[in-house]
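Chemist: Next one to model:
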Amino acid sequence: MRLIINILTLLLLLFLYSCKQDCIDVDVPYTEQESYTDTEQETIKLEYNIENGGLYHKRIQGAVLFSENPKLEIYCTVRNISKEGGEFELYATLSSQGDKIDFNKAAYIGAGETYMFDITKEINPYSFSANIEVDTWGINAPYVKVEKEVTKYRDVTKYRKCNTCVENCGEKYKKDSDIPWWGYLIIGVLILGLVRWILEKLRK
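Modeler: Numbering: from 1, shown residues only. Predicted structure coming up:
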């Protein structure tokens, strides 16, 4: 009789546990931030150095008898120290004895290259013979668009394995009962204990 009771107990426990075995492994989505490299355009101003001390000027004598007017020459050496090439511009205004003359010249200078601006203009034979003043001068550096790499972040959907009996895998996979497997085991033991007690009473 005891053997029959034990067999019935085992069968009932297996039945209760099998009823609980709707456990499955499912793919549950989750979001994770992922870094990636992108290319953006940026506008930069090219950098330069003035070589050999700055701007220089000199008066070149003409030949009046041959109708050749004198000239005023300015020159300046510029080195592009940027990684990009661009068009640089030299501008200057010189004055002397009430006369004034403007100079302007643009030239392309490649990355890391050096260029000497040299501008010559005819002047009045009786001007710029003394006290030549540089009123203003400078270099206009260009703005260019360059591409640079930047690190950005985006949300990426990934999946992980989730066992419906071990953890909460979300509302989609939520079970009808929240009783854990050991709860069913305790209930089964209590029921079978009650059955055994009844059967032993009947035997008496």
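Chemist: care to break the chain down by domain?
Modeler: 2-38+157-203, 47-141 (automatic domain parsing).
Chemist: Please report how far the residue nearest the centre of the chain lies from residue 32.
Modeler: Residue closest to the average C-alpha location in the chain (CA atoms, centre = their mean): residue 150, at 2.2 Å. Per CB to CB, to the nearest Å, residue 150 is found 20 Å from residue 32. All C-beta atoms are positioned from the backbone trio N, CA, C, and that covers glycine.
Chemist: Also residue 40?
Modeler: 24 Å.
Chemist: Likewise for residue 47?
Modeler: 41 Å.
Chemist: Between these two, which is the more surrounded one?
Modeler: More crowded of residue 47 and residue 32, by other CB atoms under 10 Å: residue 47, with 12 against 9.
Chemist: what residues are up against that one?
Modeler: 80, 81, 82, 141 (CB atoms under 8 Å, 6 or more residues apart in numbering).
Chemist: again, but for residue 103
Modeler: Here residue 103 is in contact with 74, 90, 91, 92, 93, 94, 119, 121 (CB under 8 Å, 6+ apart).
Chemist: Looking at the residues you listed, which are in strands?
Modeler: Within the contacts of residue 103, residues falling in strands by DSSP state E are 74, 90, 91, 92, 93, 94, 119, 121.
Chemist: Pretty sure the last one sits against residue 69.
Modeler: To tie it back to what came earlier, the one meant is residue 121. No: assessed by CB atoms under 8 Å, residue 121 is found out of contact with residue 69, at 9.9 Å.
Chemist: Need the phi and psi values for residue 197.
Modeler: phi -60, psi -40 (degrees, to the nearest 10).
Chemist: Repeat that for residue 82.
Modeler: phi -90, psi 170.
Chemist: and the closest residue to it other than its chain neighbours, what is it in contact with?
Modeler: Nearest residue to residue 82 in three dimensions, chain neighbours excluded: residue 46, at 4.2 Å (CB to CB, 6 or more residues apart in numbering). Going by CB under 8 Å, 6+ apart, residue 46 touches 80, 82, 84, 86, 88, 141, 142, 143, 144.
Chemist: Quick check: the farthest pair among these?
Modeler: Comparing every pair within those by CB to CB identifies 80 and 143 as the most remote, at 13.6 Å.
Chemist: Please enumerate the shared neighbours of these two.
Modeler: Joint contacts of residue 80 and residue 143 (CB under 8 Å, 6+ apart) are 46, 86.
Chemist: Extract the CA atoms of stretch 132-145 and return them as CSV.
Modeler: Extracted in CSV, the C-alpha atoms of stretch 132-145 (Å, rounded to 0.1, in the frame of the first residue of the first chain):
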residue,chain,number,x,y,z
ILE,A,132,57.7,106.4,-48.1
GLU,A,133,55.2,105.3,-45.5
VAL,A,134,53.3,102.0,-45.2
ASP,A,135,49.8,103.2,-44.1
THR,A,136,48.3,99.7,-44.0
TRP,A,137,49.0,96.2,-45.1
GLY,A,138,48.2,92.6,-44.4
ILE,A,139,47.3,89.2,-45.6
ASN,A,140,43.7,88.0,-46.1
ALA,A,141,43.7,84.2,-45.4
PRO,A,142,41.0,82.1,-47.1
TYR,A,143,38.2,80.1,-45.4
VAL,A,144,37.9,76.6,-46.8
LYS,A,145,35.7,73.6,-46.1
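Chemist: Good, wrapping up.
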